[in-house]
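Asks: coords below, sequence missing:
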């Protein structure tokens, strides 16, 4: 009897959450969108800003590297500022740097602003789960489900939104994120109550000391290799496909969905080992105008990948 009651309570509490939880979850979706948002516009940036593939893919590298290293400092910051202030600071940084990236006219400027965006992303992501767990009703399990749902939705929808806005202008995805994050920032300021400061302040060395746990170290290395492979393909895929941003974004979103939901490996590539020629790629590139289709048919892998 008690098991049934508990299960029923958990099922209800998963959706009957405080408004603050949904505000943070919405911000999580937008934050994770930012990871793959620029993927469909990489070829446009390469053409319009006269940049090399290596330069435009630095939009991924600068963002992810800064995010990774800044996350080592996030607990130290949040244990002193408090969870809400850390969230608000991270969101504000994302709004500012994503808007600045949209106004930039050089690839180096965009890469730099993406690095600042990564700093805000680290402050927000590393703190948001703790806030959801503290604010959610129904315990730890329901909070994790909400966080994972936001993560998956954001990564999957990011390239799709980036491609849709990228059809208008390559600046569209940056301004789109700035606007959505501004909405999330206002929602958190209004709906999230102040979170008490922790009684114990985290030291700067705490994340590195945690890696002395063998299981955590193994899981961290596995996650590193997994994400390395995922983002390598995500950053490379738009170049050989030769599609419009919206078509490339659709394919990347489909790939992100399958990658997040299935452990199976990808399909075999073409004979030259560069570009997949599956149904998704054929549908995307068949939607191109005749002039661009003829160009895309001769598309080869970027020179930086062949070195």
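Replies: That came through, no problem. Note that the structure is a prediction, hence the values are computed from the model and not measured.

Asks: now this structure, which segments are flagged as low pLDDT?
Replies: 1-15, 138-140, 242-307 (pLDDT under 70).

Asks: ok, longest helix in it?
Replies: Selection of the longest helix in the chain by residue count, based on DSSP state H, yields helix 107-135.

Asks: All the helices of the stretch 101-250 of the chain, in order from the start?
Replies: In the stretch 101-250 of the chain, the helices defined using DSSP state H, counting those that start in this stretch lie at 107-135, 140-166, 172-191, 206-210, 214-236, 238-241, 245-261.

Asks: In the first one, which residues are buried?
Replies: Residues of helix 107-135 classed as buried under the neighbour-count rule (16 or more other CB atoms under 10 Å) are 107, 110-133, 135. Where C-beta positions appear, they are placed from N, C-alpha and C, glycine not excepted.

Asks: With the third one instead?
Replies: Of the residues in helix 172-191, 172-178, 180-182, 184-185, 187-188 count as buried by neighbour count, 16+ other CB under 10 Å.

Asks: Quick one: residues in contact with that helix.
Replies: Contact partners of helix 172-191, identified using CB atoms under 8 Å, 6 or more residues apart in numbering, comprise 18-20, 23-24, 26-27, 30-31, 33-34, 37-38, 41, 84, 87-88, 91-92, 94-95, 98-99, 101-102, 161-162, 165-166.

Asks: if you set the cut-off to 7 Å instead, what comes out?
Replies: 19-20, 23-24, 26-27, 30, 33-34, 37-38, 41, 87-88, 91-92, 94-95, 98-99, 101-102, 161-162, 165-166 (CB atoms under 7 Å, 6 or more residues apart in numbering).

Asks: Among the residues you listed, which ones are in helices?
Replies: 19-20, 23-24, 26-27, 30, 33-34, 87-88, 91-92, 94-95, 98-99, 101-102, 161-162, 165-166.

Asks: what distance separates the helix or strand that contains residue 59 from the middle of the whole chain?
Replies: For residue 59, the enclosing helix or strand under DSSP states H and E is helix 58-81. The chain centre lies 13 Å from the centre of helix 58-81; the measure is CA atoms, centre = their mean, to the nearest Å.

Asks: Any buried residues in that helix, and which?
Replies: Within helix 58-81, the residues scored as buried using 16+ other CB under 10 Å are 58-64, 66-67, 70-71, 73-79, 81.

Asks: Show me what it is packed up against.
Replies: helix 107-135, helix 206-210, helix 214-236 (3 or more CB pairs under 7 Å, 6 or more residues apart in numbering; DSSP states H and E).

Asks: What number of neighbouring residues does the residue lying closest to residue 73 once chain neighbours are set aside come out with?
Replies: In space, and not counting its chain neighbours, residue 73 is closest to residue 204: 6.8 Å by CB to CB, 6 or more residues apart in numbering. If you count neighbours by other CB atoms under 10 Å, residue 204 ends up with 10.

Asks: my guess is residue 204 contacts residue 76, does it?
Replies: Yes - between residue 204 and residue 76 there is a contact at 5.2 Å, judged by CB atoms under 7 Å.

Asks: Residue 193: how many residues sit nearby?
Replies: Neighbour tally, residue 193, other CB under 10 Å: 9.

Asks: and it, what does it touch?
Replies: Neighbours of residue 193 in contact, by CB under 7 Å, 6+ apart: residue 20.

Asks: quick revisit: can you turn the buried part of the contacts of helix 172-191 into a ChimeraX selection?
Replies: Restricted to buried positions by 16+ other CB under 10 Å, the ChimeraX selection for the contacts of helix 172-191 reads:
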select :20,23,24,26,27,30,33,34,37,38,41,87,88,91,92,94,95,98,99,101,102,161,162,165,166
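
Asks: And residue 97, how close does it get to residue 166?
Replies: 19 Å (CB to CB, to the nearest Å).

Asks: Could you do residue 236 as well?
Replies: Taking CB to CB, one finds residue 236 at 17 Å from residue 166.

Asks: Likewise for residue 181?
Replies: For residue 181 relative to residue 166 (CB to CB), the value is 18 Å.

Asks: repeat for residue 85
Replies: 34 Å.

Asks: likewise residue 218?
Replies: In terms of CB to CB, residue 218 sits 39 Å off from residue 166.

Asks: so who does the closest residue to residue 94 other than its chain neighbours touch?
Replies: With sequence-adjacent residues excluded and distances taken as CB to CB, 6+ apart, residue 94 is closest to residue 120, at 3.9 Å. Contact partners of residue 120, counting by CB under 7 Å, 6+ apart, are 90, 91, 93, 94, 97.

Asks: In TSV, list the residues you listed along with distance to residue 227.
Replies: Shown next, in TSV, are those (distance: CB to CB, whole Å):
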residue	distance to residue 227
90	20
91	23
93	22
94	20
97	22
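
Asks: Just the element for residue 46, please.
Replies: Going by DSSP H and E, residue 46 is part of helix 42-48.
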